[in-house]
Each structure stands twice: as structure tokens, then as C-alpha cells.
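A.B. asks: Task: produce atomic coordinates for the following.
(one chain, ligands or ions: 1)
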Amino acid sequence: AHISFDSSKLKKFIHDNELGEMQAMVTAADNELRKGTGAGSDFRDWLTLPKDYDKEEFARIKAAAKKIQSDSKVLVVIGIGGSYLGAKMAVDFLNDTFFNYLPDDQRQFPQVFFTGNSLSPSYVYDLLNLIGDRDFSVNVISKSGTTTEPSIAFRIFKDKLVQKYGADGAKKRIYATTDKAHGALRQEADANGYESFIIPDGIGGRYSVLSPVGLLPIAVSGASIDELMKGAADASDEYKDADLTTNEAYQYAAYRNILYRKGFTTELLENYEPNMQYLAEWWKQLMGESEGKDEKGIYPSSANFSTDLHSLGQYIQEGLRNLMETVVKVDRPNHDLDIPKESDNLDGLKYLEGRTMDFANTKAFEGVTLAHTDGNVPNMSIHIPDQTPYTLGYLIYFFEVAVAISGYLNGINPFNQPGVEAYKTNMFALLGKPGYEELGDKLRKQL
Ligand code: PA5
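C.D. replies: Model prediction:
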């Protein structure tokens with residue numbers, strides 16, 4: 001496999017027989033997933049998406065990305081949750097850490113900023129300010145087309161487009177990614193002739209990064225979406241056999257369930273690269289929304305190392321013992337740097353001369369793994385060779401297929417998210433949306 005899953009540090013926590021004893025359950029979960037006999041089976045199209053996607057639309061995405069690259073200094077991506085996190089994670093993961101900070105005359109591709117993922121007016125104000133009078137385009141992404149946060153942001157950025165380019169000019173700079181037939185955004189896109197892309201029916205928000213939801217922003221950032229899809233397609237071949245002796249994505253699913261049943265109810269996803277922080281944010285949605293229901297499920301959390309070893313590290317080492325951790329470790333960073341030589345040794349670092357920063361980073365990883373294992377935190381790691389689009393596609397698929405199996409192992413529907421609705425309904429009622437009057441009255445009394 002292109003990436004490798006290392007469970008060798010689990011010996012202290014899991015007996016040799018335990019993985020094999022999960023095989024029958026994993027086979028059943030695999031059947032539920034592949035044969036569609038499990039709960040939520042209408043939302044499994046991400047399984048085959050890396051090979052079975054709309055090639056004509058894919059070409060249109062690449063053409064749209066080229067156009068945006070040629071006529072815009074900034075792409076504003078509007079969306080929330082599953083319509084946001086995948087693209088943000090991938091743009092960060094695949095690019096220079098300071099991608100968005102480079103000045104216009106030093107950059108080949110537009111800045112990519114995300115909004116509509118909160119209701120903070122300050123954030124939107126600051127982004128409007130940052131764009132200033134530079135050329136920009138908007139990619140608005142919403143499957144339902146009615147989510148409040150992106151809808152409000154879209155109005156504001158649409159307004160700026162209209163002021164700058166006029167009503168017709170604005171329409172040529174709006175790219176809508178939404179449902180093929182339903183929702184307010186689809187209606188608006190059709191009525192105004194925005195270029196639009198389809199979020200397929202059988203793919204939930206958190207599984208949608210390899211659909212147009214993720215692909216357009218990723219392509220605009222200059223990363224190869226062909227390679228991304230190729231990595232995912234190869235992973236779909238790699239992780240299709242339910243045999244736990246060979247399928248490492250299924251091993252990961254099985255081990256985290258074994259650990260969960262022993263009381264390790266929180267899993268931390270960890271990295272040693274600052275531009276992988278959003279990998280964890282994306283993963284948290286994928287895991288949390290898939291598994292946290294029916295009053296059970298592993299709580300997904302994260303830590304960024306070595307930064308957080310100087311904050312959360314204390315808790316992880318010695319706090320409440322309900323933590324397990326999964327590290328995504330890059331074996332070959334994009335760049336490595338020598339630790340410089342100095343004639344004296346006032347800082348005590350002479351012993352590291354001739355070594356590189358990656359050597360230090362890797363020793364930190366190894367030292368932490370052993371320390372946390374000693375501190376009774378079960379540790380798993382996923383080694384990825386590099387931070388290329390191919391590798392990211394592979395990793396995305398690894399996690400997607402793992403959480404589907406993991407969810408079925410825990411007896412839940414890994415593809416719905418009924419709990420996301422509760423706050424939305426209350427917010428509509430409190431905002432005074434037509435149709436929610438009665439609930440609004442009731443809630444206002446409670447406040
Ligand atoms: O996973 C989910 O369903 C949510 O996180 C949604 O993606 C999020 O609420 C955005 O929904 P929409 O794309 O309909 O605007």
C-alpha cells in the first residue's frame with residue numbers, strides 16, 4: 001500500500017487474538033457497506049466515486065479553475081461543514097504553508113479564502129477588506145442551498161461582486177456547487193446562469209471532498225485533482241477486501257473499536273506538520289458526524305505536535321485515561337533544513353550539527369509515541385510518504401472507508417446526521433423564519 005498503518009505499539013493494550021476475533025464482525029460490516037444492506041445505504045456513492053465520476057463535469061471544473069486563475073487574485077469559497085472542511089483541509093495540506101500570504105506579484109495562483117463557515121461579522125468584514133479592490137470570484141457551495149451561514153455570506157460577497165462588475169459581470173464570477181435539482185441555490189444558479197456543479201445525491205457532506213465540493217477550490221489553488229483522484233482510486237482497490245490480515249483501513253477500524261470497548265472513548269488525531277491542522281478538522285467531522293449518535297461513539301479530537309506537547313501534552317501523558325491517539329506522520333517533508341553549525345556551543349545544540357530539522361521532528365514523534373504508550377495512551381500511526389495530491393487522495397479514502405466500517409461495527413448508521421438539525425431549527429425559529437413562528441415563541445420564553 002502507498003500509506004502504511006502501524007499498530008505495533010498496541011501490544012500493551014490488545015491481546016494477539018483480539019484482532020482475529022473481530023474478523024466475523026468486520027466481514028458483516030463489509031457486507032453491509034458493499035452490498036448495501038446496512039443503514040444509510042443510499043449514501044455510499046463515495047465508495048466508487050474515485051473511478052466513477054462525471055468526466056465531463058471534471059473537465060469543466062478544470063476549465064473553471066483556469067478561468068478563475070486567469071481573472072482573479074482571490075477565490076472566495078463559501079460553505080460550512082461538509083461543504084467547507086474538505087476543501088480547506090486539502091488546500092492547506094497541498095500547498096506552501098504561507099500560500100495565502102504571498103503577495104500578488106509573487107504568486108502563480110489566486111489566494112483561496114473560506115467564509116460562510118461562521119456568523120462572525122468581523123471575519124467577513126476583514127475578508128472584504130483584504131480583497132479590497134482586487135479581482136475576485138466566488139464559489140458558493142451548499143447541498144441544501146438553505147444553510148444560514150453560507151447564505152448570508154453569499155449575499156454579502158454577491159453584493160460586492162455586483163458593485164464591482166455590475167449584475168451581468170457578477171454572474172460570470174459566481175460558481176455554484178449544489179444539488180442537481182433542489183434547493184434555493186440551484187434555483188438561483190439556474191435563474192441567473194451561474195456556472196454550476198453538482199453535489200451527487202448519494203454522497204453526504206463529510207464524504208464529499210472528492211466531488212466538485214472539494215475539487216474546484218483545490219484545482220484553483222494549483223494542485224492536481226487528477227492525481228488526487230488517482231490516489232483515491234488506487235486506495236479503493238487496496239482497501240476492498242475484508243481480510244483483516246491485509247486491509248489496513250479495516251485494521252484501523254477494528255482496533256479503534258476494540259479500544260473503544262475498553263474505555264478509550266476519545267481519539268486524538270495528531271500531526272507534526274502545521275499545514276495538516278485542518279486534516280484533523282476534516283477528520284473530526286468525518287468521524288464525529290458519522291459515529292456520534294444513539295448516545296455512543298468515539299469522541300474525535302486532535303492535537304498538533306510538537307506545538308501541543310507544550311500544552312495538551314501534560315493531559316495526554318497523565319490526565320484521565322480515556323484517550324487513544326492516531327498520528328499521521330509524513331515520512332518525507334516537502335522541505336528539510338540543516339541545523340546550522342556554530343563555532344561555540346552556547347545553546348548546547350552542537351550534538352545536533354550535521355542533522356536536519358526533520359531528524360529532530362522524527363525523533364520527537366518516536367519519543368512521544370513511546371512516552372504516551374508508557375503513559376497508557378494506545379498509539380496508532382499512519383505513515384504517509386509525502387504531501388502530494390496522490391497521497392492525500394489515498395489518505396482520504398483510507399479514512400472514509402475506515403469510518404464506514406467502524407460505524408457499522410458499533411451498530412450505528414454512519415451516513416446520517418440527525419443531530420445537526422436541532423440547532424438549525426432553533427436558529428430559524430429565533431431568527432423569525434416563516435413557518436417557525438410557534439417554536440420561536442416557545443424558545444423566546446425559555447431564553
Ligand atoms: O454533514 C453535513 O450534513 C453538514 O455538515 C453539512 O455539510 C453542512 O450543514 C452544510 O450543509 P449544506 O451543504 O446543505 O449547506
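A.B. asks: which outside residues touch the one helix or strand residue 138 maps to?
C.D. replies: In the assignment (DSSP states H and E), residue 138 maps to strand 136-142. Here strand 136-142 makes contact (C-beta atoms under 8 Å, 6 or more residues apart in numbering) with 68, 71-79, 83-84, 87, 110, 116, 150-151, 154, 157-158, 161, 173-178, 183, 185, 199, 213, 216-217, 220. For every residue, glycine as well, the C-beta is placed using N, CA and C.
A.B. asks: Which of the residues you listed fall in helices?
C.D. replies: 68, 71, 87, 150-151, 154, 157-158, 161, 185, 213, 216-217, 220 (DSSP state H).
A.B. asks: Report the entries of those residues that also contact the ligand.
C.D. replies: The subset of the ones in helices among the contacts of strand 136-142 within reach of the ligand, by C-beta under 6 Å from any ligand atom, is residue 150.
A.B. asks: among the ones in helices among the contacts of strand 136-142, which two are most distant?
C.D. replies: Pairwise distances across the ones in helices among the contacts of strand 136-142 (C-beta to C-beta) peak at 25.3 Å, for the pair 71 and 151.
A.B. asks: more neighbours, those two?
C.D. replies: residue 151 (18 against 13; other C-beta atoms under 10 Å).
A.B. asks: so the more buried one makes contact with residue 183?
C.D. replies: No. Between residue 151 and residue 183 there is no contact under C-beta atoms under 8 Å: 10.5 Å.
A.B. asks: ok, residue 402 to the ligand distance?
C.D. replies: Distance, residue 402 to the ligand, using C-beta to the nearest ligand atom, to the nearest Å: 18 Å.
A.B. asks: so which strand or helix has that residue?
C.D. replies: Going by DSSP H and E, residue 402 is in helix 389-409.
A.B. asks: Now do the end-to-end distance for stretch 185-200.
C.D. replies: 15 Å (C-alpha to C-alpha, to the nearest Å).
A.B. asks: whoops, stretch 201-216 was the one
C.D. replies: Stretch 201-216 end-to-end distance (C-alpha to C-alpha) = 18 Å.
A.B. asks: Return the set of buried residues in that stretch.
C.D. replies: 203-216 (16 or more other C-beta atoms under 10 Å).
A.B. asks: next one: that stretch to chain centre, how far?
C.D. replies: 11 Å (C-alpha atoms, centre = their mean, to the nearest Å).
A.B. asks: Mind telling me which residue of the protein is nearest the ligand?
C.D. replies: Distances between the chain and the ligand by C-beta to the nearest ligand atom are smallest at residue 81, namely 2.2 Å.
A.B. asks: which residues does that residue contact?
C.D. replies: 117, 147, 205-206, 285, 420.
A.B. asks: ok, and which of those residues reach the ligand?
C.D. replies: 147, 205-206, 420.
A.B. asks: Between all of these, which two are at the greatest distance?
C.D. replies: 147 and 206 (14.2 Å).
A.B. asks: if we can go back for a sec, the helix holding residue 402: what's the following helix or strand?
C.D. replies: Taking DSSP H and E, what comes next after helix 389-409 is helix 420-431.
A.B. asks: what does the stretch 201-350 of the chain put close to the ligand?
C.D. replies: Going by C-beta under 6 Å from any ligand atom, the residues of the stretch 201-350 of the chain near the ligand are 204-206, 289.
A.B. asks: farthest pair in the buried residues of stretch 201-216?
C.D. replies: Maximum distance among these (C-beta to C-beta): 18.6 Å, for 204 and 216.
A.B. asks: Any chance of the contacts of residue 81 in TSV with pLDDT as columns?
C.D. replies: Listed next are the contacts of residue 81 as TSV, based on pLDDT from 0 to 100:
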residue	pLDDT
117	98
147	93
205	96
206	97
285	98
420	85
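A.B. asks: Next up, the contacts around the residue nearest to residue 338 when sequence neighbours are not counted.
C.D. replies: Counting by C-beta to C-beta, 6 or more residues apart in numbering, the nearest residue to residue 338 once its immediate chain neighbours are dropped is residue 356, at 5.6 Å. By C-beta under 8 Å, 6+ apart, residue 356 lies in contact with 336-339.
A.B. asks: now swap in residue 45 and tell me
C.D. replies: Taking C-beta under 8 Å, 6+ apart, one finds 52, 200-203 in contact with residue 45.
A.B. asks: try it again with 6 Å
C.D. replies: 200, 202-203 (C-beta atoms under 6 Å, 6 or more residues apart in numbering).
A.B. asks: Check these against residue 228 and report the nearest one.
C.D. replies: Closest to residue 228, out of all of the contacts of residue 45 and judged by C-beta to C-beta, is residue 203, at 15.6 Å.
A.B. asks: Tell me the predicted confidence for the closest one.
C.D. replies: Per-residue confidence (pLDDT) for residue 203: 97.
A.B. asks: Kindly report the same for residue 416.
C.D. replies: We have a pLDDT of 93 for residue 416.
A.B. asks: what's the closest non-adjacent residue to it?
C.D. replies: Closest residue to residue 416 in three dimensions, ignoring its sequence neighbours and counting by C-beta to C-beta, 6+ apart: residue 40, at 5.4 Å.
A.B. asks: Let me know how buried that neighbour is, in neighbour terms.
C.D. replies: 20.
A.B. asks: Surely it touches residue 413?
C.D. replies: Yes. Contact between residue 40 and residue 413 holds when scored by C-beta atoms under 6 Å: they sit 4.2 Å apart.
A.B. asks: Averaging pLDDT per element, find the lowest-scoring helix or strand in this structure.
C.D. replies: Lowest by mean pLDDT, DSSP states H and E among the helices and strands of the chain is helix 420-431, with a mean of 89.
A.B. asks: rewinding a little: just give me the closest of the contacts of residue 81 to residue 426.
C.D. replies: residue 420 (12.0 Å).
A.B. asks: Next, count neighbours for that closest one.
C.D. replies: 13.
A.B. asks: Repeat that for residue 54.
C.D. replies: By other C-beta under 10 Å, neighbour count at residue 54 equals 15.
A.B. asks: what's the answer for the one 5 residues further on, then?
C.D. replies: A count of nearby residues for residue 59, using other C-beta under 10 Å, gives 10.
A.B. asks: Model confidence score at the most centrally placed residue in the chain, please.
C.D. replies: The centroid of the chain falls nearest to residue 282 when counting by C-alpha atoms, centre = their mean (2.4 Å). Note on residue 282: pLDDT of 98.
A.B. asks: now the residue nearest to it when sequence neighbours are not counted, what's its secondary structure?
C.D. replies: Take residue 282 and drop its neighbours on the chain: the residue closest to it by C-beta to C-beta, 6+ apart is residue 89, 3.8 Å away. State at residue 89, reduced to three classes by DSSP: H, G, I helix; E, B strand; the rest coil: helix.
A.B. asks: Now the closest residue to residue 403 other than its chain neighbours: phi and psi?
C.D. replies: Distance criterion C-beta to C-beta, 6+ apart; nearest residue to residue 403, sequence neighbours excluded, is residue 290 at 4.8 Å. In terms of degrees, to the nearest 10, the main-chain angles of residue 290 are phi -80, psi -40.
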